[in-house]
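Chemist: show me how the following folds:
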Amino acid sequence: MTGNGGLPRAWASWSTGKDSALALHMARSSGDLEVVGLVTTLNCTADRVAMHAVRRSLLLAQAAALGLPVHAVELPWPCSNEIYEQQMSAAVGAAVGAGVERMVFGDLFLADVRAYREQMLAGTGVTPVFPLWERPTAALAREMIDAGIRAVVTCVDPRKAPAETAGRWFDERLLADLPPGVDPCGENGEFHTFVVDGPGFAHPLDVAVGEVVERDGFVFADVVPA
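Modeler: Presented below is the predicted three-dimensional model:
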């Protein structure tokens, strides 16, 4: 089904982070798609976005600022791969029911992740789109900053990046401080972010960085409404 402008309708896979924000911006500005919604996985036990550990209320604030509805995929914790795939299949079914033909992802270079997404969507009528695929991440990180994306680091894997990265802003100073071997976009799971402003936002979100805690082997910074 095409949208009002005759373009294929799309949902964007939305993690609340910087990669999703730039992929959404590129999809919206390409002139090839009509992005009509976001889809986000949530840990319903904690009532937070999976992995990024962002409060549901802040996800909804992002969606409102972007002018897009969000389809929440509610996952238990812990969550088996079987349950994950069941819930994602249901989300894809909802997308198809809404006339969606494309799904936009912010993946950068992990071939196994891309192949998994392609496999999950095969035969559904929804085609995956990867606007950032294989863009050099050092340049891409600076492109995000130059585009006006403002994001705070919400989750760090201390085995892969310094724990004190949690709670910092994703900016030139952070990039300069990252040790060699840490991907500038955190694509190897080093860190995750929450975007408070960027292209397509009607207004910035007013937030503060609260408590920083270590849990389940990760370091989390709790972003809260200011």
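Chemist: tell me what the helix of greatest length in the chain is packed against?
Modeler: Among the segments of the chain that qualify as a helix by DSSP state H, the longest is helix 81-97. With contacts defined as 3 or more CB pairs under 8 Å, 6 or more residues apart in numbering; DSSP states H and E, helix 81-97 has these neighbours: strand 34-43, strand 70-75, helix 111-121. Every C-beta, even on glycine, is put in place using the N, C-alpha and C of the backbone.
Chemist: show me the contact partners of that helix.
Modeler: For helix 81-97, the external contacting residues (CB atoms under 8 Å, 6 or more residues apart in numbering) are 11, 37, 39, 41, 71, 73-76, 103, 120-121, 124-126.
Chemist: most neighbours among those, which one?
Modeler: Note: the member of those with the most neighbours is residue 11, at 26 neighbours, neighbours being other CB atoms under 10 Å.
Chemist: wasn't that residue part of a strand?
Modeler: Yes - counting by DSSP: H, G, I helix; E, B strand; the rest coil, residue 11 falls inside a strand.
Chemist: so what's the closest residue to it other than its chain neighbours up against?
Modeler: Nearest-residue entry for residue 11: residue 37, 4.6 Å, with adjacent residues in sequence omitted and distances by CB to CB, 6 or more residues apart in numbering. By CB under 8 Å, 6+ apart, residue 37 lies in contact with 11, 12, 68, 69, 70, 71, 95, 98, 100.
Chemist: distance of the third one relative to residue 185?
Modeler: Per CB to CB, to the nearest Å, residue 68 is found 23 Å from residue 185.
Chemist: sorry, back to before: give me the pLDDT for the residue nearest to residue 11.
Modeler: We have a pLDDT of 97 for residue 37.
Chemist: could you point out which element follows the longest helix of the chain?
Modeler: On the C-terminal side of helix 81-97, the closest following helix or strand by DSSP states H and E is strand 100-104.
Chemist: how far is that following strand from where the chain is centred?
Modeler: 15 Å (CA atoms, centre = their mean, to the nearest Å).
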